[in-house]
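S.K.: sequence unknown, structure follows:
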Ligand SMILES: [Zn+2]
C-alpha cells in the first residue's frame, strides 16, 4: 500500500481552537510534509496510510503554544538574585553573568530552554537576545535553538545608553551598528519558516530617542518585526520622563513606533489610554506573569486589554526571573492572578488563556495564517496532551484541565513543522536530557569562575 501521508494521528480528541471552536471526538489528523493535510471525524480510509501513525486514544490534540518572550542565556542562572526587585536583580544575575558567558554556554542554554519549552507544550519560542558584545554569542544561541527542532524567532536587540542603571558598557553600541549586525545575522543564518530574525530596543532606560528612530527606519525599510520591554516597572518610564518630558508610550506614538509589527513585553503599568492606542495601532502584548510576580513588579491589565481588542500572548521570560521555561505553569498563573486581583473568577477563562498561548502567540509573531490553530493547510505544529496522570485526572473539561491541573508529564508528544520532536520523554536528534545536564554542570562551574 502506498503511503499518502507522512504522519497520521488517530483516535484523538481534536481541539482545533479555530474561530468556531470546533472540537472533534475520536478524530484523525493527517500530516504531509510540514503541513496539516486533513482533519476528519473517525478513521481515515486505508488508502490514506502514513509512514508514521500515532494512536492517541485517550489524548487531546491541541495546537502548539508560542512562548513570546524568553532570555535563553538566563537558563544558566536559575535562582541567582532571588528575592530582589528588577534593577537589583539584574545587577546580581543577568547583567554580570551575561558579560562572561561563552558561545558554547549560550548554545547549551538554548538547548536547555528549548527542550523544556517543547516538553511544556511549546512549538515556537521568541528569544529576546541582548548580550551583543560578540556576534558569535547570537550565532551559538541560534544554533542551539535550531538543534532542538523548535520554531524560533530570534530578536537581536540593542542598547545605546543605560550605564547609569547598571547596563554594562560592553553591551552598549550605536543603533546604526546594531542594525548592521542584525542585517549580517540575517544573511549568515538564512531565515526560513523555522527561523525569523527581528530586532528591538532592549528597555526604555537603555534606548535613546535617536536609537528608536534608527531602528524603526531599518525595520520599515526591511519589513522586520520588533519587540521591547515596556512599562515593566515604574523605572521604565523614569528616564523617558526626565530626558524627554514624556511618557514612553506618548514618545513611541510620536515617532511612529506603535505599529502591528511591535510586540510589547510586560506592560504592567499600561494606562487605559495606552491600551486604546495598542488596540488602534495593532500592537501585541507578551504577558509574562511569573517574572511580574517574582520580581514584585505588579500585575498587568490583561482582561482590560483583551476587552479592548488588543492581541495578548504569553511568555515565560528568562529563567533567572521565573525560574523555569514552563508554559503550562505560565498559563495557570495568567489565569489565577487576574481572578484574584479582580476578585472575579470569570474575569478571565481557561479558554481565553489557551487562546493567548496558541492563537495570541501566533499573531504576536506574525504567523497567525500558519500556526496557532489546527486546520488543513496550516503548519503541523501541535501537541498531544494526556490527561491520565494523578494531577490531571479525571478530566471533565479539557481547557480547565490544561490550564489549572497540568504539568510537563501531560505532554505526550510535541510536533513542530510536521516533525515529532518530543515523544514520551524522548527528544529527536539524539538529544539527551541527562547528557545535557552533565555538560551544563561543568560549564556552570567555568562561568562562575570567570566572573
Ligand atoms: Zn524580558
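M.R.: Arrived safely. On a predicted model such as this, the values are computed, not experimentally measured, just so you know. Numbering: from 1, shown residues only.

S.K.: tell me where the stretch 151-300 of the chain has strands.
M.R.: In the stretch 151-300 of the chain, the strands defined using DSSP state E, counting those that start in this stretch lie at 151-158, 195-201, 226-230, 262-266, 284-287.

S.K.: pairing partners for the longest one, with directions?
M.R.: Strands flanking strand 151-158 in the sheet, each with its direction: strand 122-129 (parallel), strand 195-201 (parallel) (DSSP bridges).

S.K.: and the angle for it with strand 262-266?
M.R.: Angle, strand 151-158 to strand 262-266, by axes from the mean of the first three to the mean of the last three CA atoms, to 10 degrees: 80 degrees.

S.K.: 18 is where my numbering starts, stick with that
M.R.: Got it, the first residue is 18 from now on, which makes the last one we talked about strand 168-175.

S.K.: quick check: mean pLDDT of strand 168-175?
M.R.: Mean per-residue pLDDT for strand 168-175: 98.

S.K.: about what we covered before: okay, the strands paired with strand 168-175, which one's buried deepest?
M.R.: When the strands paired with strand 168-175 are scored by mean count of other CB atoms under 10 Å, the highest mean neighbour count falls to strand 139-146 (a mean of 28). (Glycine included, C-beta is placed from N, CA and C.)

S.K.: mean confidence score for that one?
M.R.: Here strand 139-146 scores 98 as its mean pLDDT.

S.K.: check stretch 202-217 too.
M.R.: Mean pLDDT, stretch 202-217: 97.

S.K.: quote the end-to-end distance of it.
M.R.: Stretch 202-217 has an end-to-end distance of 14 Å (criterion: CA to CA, to the nearest Å).

S.K.: touching that stretch from outside, list them.
M.R.: 51, 145, 152, 155-156, 159, 162-163, 168-175, 195-196, 199, 232, 235-236, 241-245, 280, 382-383, 387, 396, 434 (CB atoms under 8 Å, 6 or more residues apart in numbering).

S.K.: domain map for this structure?
M.R.: The chain breaks down by automatic domain parsing into domains covering 22-80+393-444, 89-381.

S.K.: which stretch among those comes nearest residue 459?
M.R.: Closest of the domains of the chain to residue 459 is domain 89-381, at 9.7 Å (criterion: CB to CB).

S.K.: re earlier: out of the domains of the chain, flag the one nearest residue 461.
M.R.: With CB to CB as the measure, domain 89-381 is the member of these nearest residue 461 (5.9 Å).

S.K.: can you give me the offset of the closest one from its chain's centre?
M.R.: The chain centroid and the centroid of domain 89-381 are separated by 9 Å under CA atoms, centre = their mean, to the nearest Å.

S.K.: endpoints of that domain, how far apart?
M.R.: This stretch, domain 89-381, spans 19 Å end to end (CA to CA).

S.K.: over to stretch 374-384?
M.R.: One end of stretch 374-384 to the other measures 13 Å (CA to CA).

S.K.: helices or strands up against whatever helix or strand residue 78 lives in?
M.R.: Applying DSSP states H and E as the criterion places residue 78 in strand 77-80. If contacts are counted by 3 or more CB pairs under 8 Å, 6 or more residues apart in numbering; DSSP states H and E, strand 77-80 sits against strand 22-32, strand 399-402, helix 415-421.

S.K.: these two touch, right, residue 420 and residue 348?
M.R.: Yes: counting by CB atoms under 8 Å, residue 348 is a contact partner of residue 420 at 5.0 Å.

S.K.: residues shared between the contacts of the two?
M.R.: In contact with both residue 420 and residue 348: 370, 371, using CB under 8 Å, 6+ apart.

S.K.: quick one on the thing from earlier: for the domains of the chain, which one ends up most surrounded?
M.R.: Highest mean neighbour count of those: domain 89-381, a mean of 21 (counted as mean count of other CB under 10 Å).

S.K.: name the nearest residue to residue 406, sequence neighbours excluded.
M.R.: residue 426 (5.2 Å; CB to CB, 6 or more residues apart in numbering).

S.K.: pLDDT weak spots in the stretch 268-417 of the chain?
M.R.: Judged by pLDDT under 70, the stretch 268-417 of the chain has no weakly predicted residues.

S.K.: show the pLDDT at the spatially most central residue of the chain.
M.R.: In the chain, the residue lying closest to the centroid (CA atoms, centre = their mean) is residue 84, at 2.0 Å. Note for residue 84: predicted pLDDT of 98.

S.K.: distance of the residue nearest to residue 382 when sequence neighbours are not counted from residue 218?
M.R.: Using CB to CB, 6+ apart and skipping residues adjacent in sequence, the residue nearest residue 382 is residue 170, 5.3 Å away. Residue 170 sits 16 Å away from residue 218, going by CB to CB, to the nearest Å.

S.K.: any chance of the strands paired with strand 168-175 in TSV, with distance to residue 375 too?
M.R.: Output for the strands paired with strand 168-175, formatted as TSV (distance: least, CB to CB, whole Å):
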stretch	distance to residue 375
strand 139-146	9
strand 212-218	18
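
S.K.: and residue 467, which of those strands is closest to it?
M.R.: strand 139-146 (20.0 Å).

S.K.: so after that closest one, what's the next helix or strand?
M.R.: Proceeding N to C from strand 139-146, the next assigned helix or strand is helix 152-164, under DSSP H and E.

S.K.: what residues does that next one touch?
M.R.: Around helix 152-164, the neighbours that count as contacts under CB under 8 Å, 6+ apart are 89-90, 118-121, 123-128, 131, 142, 144, 146, 148-149, 169, 171, 173, 198, 201-202, 205-206, 211-212, 446, 448.

S.K.: now do that helix, average pLDDT.
M.R.: The average pLDDT for helix 152-164 rounds to 98.

S.K.: got the angle for it vs strand 168-175?
M.R.: Put simply, helix 152-164 runs at 160 degrees to strand 168-175, going by the same axes, to 10 degrees.

S.K.: just to revisit the earlier point, if I follow the layout properly, the residue nearest to the centre of the chain ends up in contact with residue 345?
M.R.: No: contact criterion CB under 8 Å: residue 84 and residue 345 do not qualify, at 11.1 Å.

S.K.: ok but residue 438 is inside a strand, no?
M.R.: Yes: per DSSP: H, G, I helix; E, B strand; the rest coil, residue 438 lies within a strand segment.

S.K.: quick one, what contacts it?
M.R.: By CB under 8 Å, 6+ apart, the contact list for residue 438 reads 135, 165, 166, 167, 431, 432, 444, 445, 446.

S.K.: roughly how far apart are the residue lying closest to the third one once chain neighbours are set aside and residue 174?
M.R.: Ranked by CB to CB, 6+ apart and with sequence neighbours excluded, the top spatial neighbour of residue 166 is residue 438, at 3.7 Å. Here the criterion is CB to CB. By it, residue 438 lies 27 Å from residue 174.
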